[in-house]
Every structure is written in C-alpha cells, then in structure tokens.
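# Next come a sequence and a model predicted from it.
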Amino acid sequence: MKNASTYEKKVKKLLKGMGKVTPEEPPAGEDAVVALVEAVFQAEASNEQAAAAMEILQKEFVDFNELRVSPPKDIVDCVGKQHPHIRAKAEVVTLALRRIYARTYDVSLDYMTSMTKRDLRRHLGELGLNAYASGSIILHVFGGHAIPVDETLVEVLAMDGYVHNESDTKDVQGFLERIIPQKNALAAHEFFRAHVARSAKALAKKRQADAKARAKADAEAKAREEALAKAEAEKKKKKEAADKAKKKAAKKAAKKAAKKSAKKTVKKTAKATKKKTVKKKASSKPAKAKKPAPAKAKKPAGKTRKTAKKKTKK
C-alpha cells in the first residue's frame, strides 16, 4: 500500500482504543460451516443484518445440503433484497458449499485443518470467498492470523485518512495483518466492526456526495461526447458537401470538355468531309484544253532599229 509507514502510525494510534477480547473455542463440524456462511453475509453488512440473514436461512432450510442445492434466487427471496449484495452472496454461498461437497462428498471444513496458512487462504479463495470471508474463517475457525476486510472497512478507513484512498481490500488486509500481531487480531477485528458501525452516517453522507459527483462527472462526460459527436457530424457534413460540390464541378467541367471536344470533332469532321467532297468534284470534271498562244510577227531580217537610223542619217 502507498505510504504504508505514514498510515501505520495513524492506525496504531486508532487501535489504542480497542479493548481486550477473550478468544472462544473455535467452531467445529457443522458450526464451522455456519461460520463460513455467516462470514459471507457479514461482509458489507452490519452485525444485525448478518444475524437476521442467518436466522432466516436456518429457519427456511433444513440443513446446509439443502442450502447447497438451492437456486440463488430462493436465498434472495428468503433473506430479502434489502440485504447488501444479497444476489452475489447467495451465489457465493451455494458455490462454496458445492465445491466443498465435490471435494469431500460432505459439507464440512474438517479436511482444511491439515492445510498450511498459505494453502488455506489460497483454497478459500478457490472456493469463491472474498477477503472478508476468507479472513473471518482463518481467524475464527482455524485460529490463524488474519484480519477480515471488506469494501466498507476500506472506505471508512480511507475516509478518515487511515489508509490510502486508492487501496483495495487485499492491499488493506495485507497492511493490517503486517502491523497487527496475531494475539491482537480478534480484538482488532471487533474494533473495526464497531468503528464501521459508528461511521455509518458519515459514510452514507459521503457515498451520497460521491454519487452526486459521479453523476455530475458522467453528465459532463456525456455532454462532451455529444458535443464531440456533433462536431464530428458537422465536420462530416461539411466534408460531404464539399465533396459533393467538387464532384458536381468536376462533372460539369467534364461535360463542358466533352461538349467542346464533340463540337471540335464535328467541325473537324465537317471540314474533312468538305475537303474530300471538293477533291472528289475536282477529279470528276474533264480537263480544259489549253489555247495556243498567238504567234509573234517576225521582223525582217537585217533590219533593225539601229540600221534604220543609220539610213536616215545618210
């Protein structure tokens, strides 16, 4: 956990107010199974809520074998939807009992007594039990070193500044088990349960404020998403309009060019046709005979302009 050394001092100071608790005889046989089921219903609930749930289950179901094979819906209907996380708890209880039975063909925790602490914690997790239920069974049934921790305890400790506000149940459980010795584990557990009960009103107020803050953040996020979507839609619309205009202009230009080209081709064809026609007409007319040029009168031989002048002078 972040800043563990800082929070360690605060938690130890808080725990100075805890009293001494005399350990009771660990439950065995069917009582151990009762402890398992009770641990599941204690998580995220008050002692009164857990006790009321256990009383209903023991009244409505003949034994734990009947509870094991019961649909979670029947447990929800019996205990009531007002119990915190009742659906999830009903599923966890039936799952854990079925897995225990599949291993031993009996609803009993006796086979776990030979397990080491590490193997026991791992196996309880394999049964589907959370940090609180696993810790409670290790502490109450097997007398091991464990501090049951649920989300509510983490939230209360974080609210009061005793643990980092980004910590989860495993972080806090590991932290508390490291700073609290085994001999004080039971007393610390009882103290934390009482501390959570005392903080119920403050926690409810905090949760209400957190819910409002989340709702506001969600609304703002939704508004941002809608604005972004709108902007994207406008951008897309403008792009489509521009593409359409560009396409239209290109089509118009192509049509104009085609028209011009066709006109040019027609003109060229007409010119070529005319030239061909003229040439054809010219080749079909007979050639005109050339008139002989008129013969020039010959001057008398020996008489030239010069000789005539000479005669005149004489």
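Looks like it arrived, so ask away.
# residue boundaries of the helices in this protein?
Taking DSSP state H, the helices of the chain run over residues 4-14, 30-42, 47-60, 64-69, 72-79, 86-104, 117-126, 131-140, 151-159, 169-179, 185-198, 200-284, 305-313.
# and the angle for the fifth one with helix 30-42?
Okay, so that is helix 72-79. Here the directions of helix 72-79 and helix 30-42 differ by 80 degrees (axes from the mean of the first three to the mean of the last three C-alpha atoms, to 10 degrees).
# how about helix 72-79: buried residues?
Using 16 or more other C-beta atoms under 10 Å as the test for burial, helix 72-79 gives Pro72, Asp74, Ile75, Val76, Cys78, Val79. Placement of C-beta: from N, CA and C, glycine included.
# And the fourth one, how far from Ala4?
Per C-beta to C-beta, to the nearest Å, Val76 is found 39 Å from Ala4.
# With the fifth one instead?
For Cys78, the distance to Ala4 under the criterion C-beta to C-beta works out to 42 Å.
# Next: the first one.
Here Pro72 is placed at a distance of 38 Å from Ala4 (C-beta to C-beta).
# Without its sequence neighbours, what residue ends up closest to Gly29?
Nearest non-adjacent residue to Gly29, counting by C-beta to C-beta, 6 or more residues apart in numbering: Ser108, 6.9 Å away.
# Can you list phi and psi of the one you found for me?
The phi and psi values for Ser108, taken as degrees, to the nearest 10, are phi -150, psi 150.
# Could you give the number of residues near it?
Neighbour count for Ser108, taken as other C-beta atoms under 10 Å: 16.
# before we move on, what about Tyr105?
Tyr105 has 8 neighbouring residues, counting by other C-beta under 10 Å.
# I'd like to know how far it sits from Ala28.
According to C-beta to C-beta, Tyr105 stands 19 Å off from Ala28.
# Same check on Asp74?
28 Å.
# Turn the buried residues of helix 72-79 into a markdown table, including pLDDT.
Converted to a markdown table, the buried residues of helix 72-79 look like this (pLDDT from 0 to 100):
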| residue | pLDDT |
| --- | --- |
| Pro72 | 97 |
| Asp74 | 96 |
| Ile75 | 97 |
| Val76 | 97 |
| Cys78 | 96 |
| Val79 | 97 |
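# Looking at these, which is nearest Ala257?
Pro72 (75.8 Å; C-beta to C-beta).
# wait, the closest one sits on Ala90?
Yes: contact criterion C-beta atoms under 8 Å: Pro72 and Ala90 qualify, at 3.8 Å.
# Now do the end-to-end distance for stretch 131-147.
Distance across stretch 131-147, first residue to last, is 9 Å (C-alpha to C-alpha, to the nearest Å).
# averaged over its residues, what pLDDT does it have?
Stretch 131-147 comes out with an average pLDDT of 96.
# mind checking pLDDT for Lys279?
According to the per-residue confidence, Lys279 scores 70 in pLDDT.
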